[in-house]
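Chemist: Would you be able to build a 3D model of this:
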Amino acid sequence: MKKKRETRGMRNNNLLNIRISTDKFQGEVQPSQDKEFKQFETAAYGYRAAFRILRTYINNYGLNTIRKIISRFAPANENHTENYIRVVSERSGIPADDPVYADSREMMIRIVAAMSFVENGVEAKMSDVIQGWELL
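Modeler: This is a model prediction of the structure:
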């Protein structure tokens, strides 16, 4: 049986494919060996960064629905944003236009795991997602 190739996000421990920016995160490898995307020491640190970004979207910018979050995180010039929104909503079990709460552990873990699936095409390793939440 052929082994499935690791995605770029998996190789970088950056399962949401967070682009290189001036923002620095706990567990970030610097400099990144990837010219476009951040690298993290572990997948849990990559997920922690994702939770921090989404928390900022919700608390600082009022992007408090899956539709609003994904529209900013995965803009149409780079992604099929409507499809991304639909898949995250379906997989998380949260309607795209329902309020999302940054301090809701269950809600945020479901959303980030679903986003990881869209980004990598494979199920998120839930122990890593949960550990990322616990690192906040």
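
Chemist: who touches the most centrally placed residue in the chain in this structure?
Modeler: The central residue of the chain, meaning the one whose C-alpha is nearest the mean C-alpha position (CA atoms, centre = their mean), is residue 16 at 3.7 Å. By CB atoms under 8 Å, 6 or more residues apart in numbering, the residues touching residue 16 are 9, 46, 47, 49, 50, 53, 73, 112, 115, 116, 119. C-betas here are computed from N, CA, C, even on glycine.

Chemist: residues touching residue 39, list them.
Modeler: Contacts of residue 39 were listed using CB under 8 Å, 6+ apart, and they are 12, 13, 14, 28, 29, 32, 33.

Chemist: which of these tops the neighbour count?
Modeler: Counting neighbours by other CB atoms under 10 Å, the top entry in the contacts of residue 39 is residue 14, with 29 neighbours.

Chemist: and the closest residue to it other than its chain neighbours, what element?
Modeler: Closest residue to residue 14 apart from its sequence neighbours, by CB to CB, 6 or more residues apart in numbering: residue 46 at 4.5 Å. Residue 46 belongs to helix 43-61 when assigned by DSSP states H and E.

Chemist: and what of residue 90?
Modeler: In the assignment (DSSP H and E), residue 90 maps to helix 81-92.

Chemist: So which elements touch that helix?
Modeler: Applying 3 or more CB pairs under 8 Å, 6 or more residues apart in numbering; DSSP states H and E, one finds that helix 81-92 contacts helix 66-73, helix 105-120.

Chemist: possible to save those as CSV with distance to residue 130?
Modeler: As requested, the helices and strands packed on helix 81-92 are arranged in CSV below (distance: least, CB to CB, whole Å):
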stretch, distance to residue 130
helix 66-73, 20
helix 105-120, 6
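
Chemist: got TSV for the ones you listed, with mean pLDDT and distance to residue 39 too?
Modeler: Compiled in TSV, those are given as follows (pLDDT from 0 to 100; distance: least, CB to CB, whole Å):
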stretch	mean pLDDT	distance to residue 39
helix 66-73	98	19
helix 105-120	98	15
